[in-house]
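Chemist: Attaching a predicted model along with its sequence, questions to come.
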Amino acid sequence: MAFLVVIVTHWIYWWMNPRCEGKLPPGSMGLPVIGETLSFLATSNSIDTHSFLKERVERCGPLFKTSLAGRPVVVSSDPDFSYFVLQQEEKLVEMYYMDSFSTLVHWEDANLVGHAHKYIRQIILNHFGLVPLKNNLLSQLENAINHALHDWAKQPEVDAKAQIGAVIFNLTSKILMGYEPKKSKENLSENFDNLLDGFMRFPLYIPGTDFYRCIKVN
């Protein structure tokens, strides 16, 4: 019995104080296994910063440690530090994707695809960089907005957030893939929203969950 108590105590200590070659920022690892996941998933009705982030920034500063979905993480709300980290990709830091993301995009090891990330980023810059923006993107965006406003004027009410997102997505899809929403049988904008919902969910393949619906759409 005493041996079991020692093992449990050691495990809890290890959970509360994860190993790190450097110095970890302040914060709490929460309960064993689940960490602070429940607080993170709690719905906030405020349009302000989510209470999970706001409370910990006030208590620990812009950089803090926590545990989400059984994984130790460090959260940054400091724009300068976040920019530095992004600039150090494949130098001082290694890209990592959530398990749900890896499953949805069919990457067996999504953390070893830095070259693919760079390739996709270059494609995006070629289509939406400064030069395309000056040459034709602004006029295309203006036309898309005018068409959307004309359609919205015929409706009794409009969900501005959802419709603006759809306008931007449809324009982006048209530039990258030649997608025409009025000619297509599928609503790519709606499918994309489902995909994003799946990214932010636990990878539980159970009927009724957002992740399950996302896999079916995918």
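Modeler: Yep, it's here.
Chemist: CA only for contacts and neighbour counts going forward, please
Modeler: Will do.
Chemist: quick one: secondary structure of Tyr179?
Modeler: coil (DSSP: H, G, I helix; E, B strand; the rest coil).
Chemist: do you know how far it is from Glu186?
Modeler: 10 Å (Cα to Cα, to the nearest Å).
Chemist: Show me which of the two is the more surrounded one.
Modeler: Tyr179 (15 against 11; other Cα atoms under 10 Å).
Chemist: Once you drop chain neighbours, what's closest to that one?
Modeler: Closest residue to Tyr179 apart from its sequence neighbours, by Cα to Cα, 6 or more residues apart in numbering: Ser173 at 5.4 Å.
Chemist: Would you check how far apart the one you found and Asp193 are?
Modeler: Counting by Cα to Cα, the gap from Ser173 to Asp193 is 14 Å.
Chemist: same thing with Ile124?
Modeler: Computed as Cα to Cα, the Ile124 to Asp193 distance reads 19 Å.
Chemist: quick one: which of the two has more around it?
Modeler: Taking other Cα under 10 Å, Ile124 and Asp193 do not tie; Asp193 has more neighbours (16 against 13).
Chemist: measure the residue nearest to Tyr179 to Thr49 for me?
Modeler: 30 Å.
Chemist: And those two? Which one has more around it.
Modeler: Ser173 (16 against 10).
Chemist: you'd agree the more buried one is up against Asn187?
Modeler: No. Using Cα atoms under 8 Å, Ser173 is not in contact with Asn187, being 11.3 Å away.
Chemist: now the strands for the chain?
Modeler: 63-68, 71-76 (DSSP state E).
Chemist: pLDDT weak spots in this protein?
Modeler: Under the criterion pLDDT under 70, the flagged ranges of the chain are 3, 8, 10-13, 15, 43-47, 94-118, 196-205, 210, 216-218.
Chemist: So which residues of it form helices?
Modeler: Taking DSSP state H as the criterion, the chain carries its helices at 2-16, 37-41, 51-60, 79-87, 99-104, 114-128, 130-132, 138-152, 160-177, 188-199, 210-217.
Chemist: Can I get the longest one in CSV, CA atoms only?
Modeler: Meaning helix 160-177. Written as CSV, here are the backbone C-alpha positions of helix 160-177 (Å, rounded to 0.1, in the frame of the first residue of the first chain):
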residue,chain,number,x,y,z
ALA,A,160,-23.4,39.1,-41.3
LYS,A,161,-20.5,37.0,-39.8
ALA,A,162,-21.4,33.8,-41.6
GLN,A,163,-22.1,35.5,-44.9
ILE,A,164,-18.9,37.6,-44.9
GLY,A,165,-17.0,34.5,-44.2
ALA,A,166,-18.7,32.7,-47.1
VAL,A,167,-17.9,35.6,-49.5
ILE,A,168,-14.2,35.5,-48.6
PHE,A,169,-14.1,31.7,-48.8
ASN,A,170,-15.9,31.6,-52.2
LEU,A,171,-13.6,34.2,-53.7
THR,A,172,-10.5,32.4,-52.4
SER,A,173,-11.8,29.1,-53.7
LYS,A,174,-12.5,30.6,-57.1
ILE,A,175,-9.0,32.0,-57.4
LEU,A,176,-7.3,28.8,-56.2
MET,A,177,-9.6,26.1,-57.7
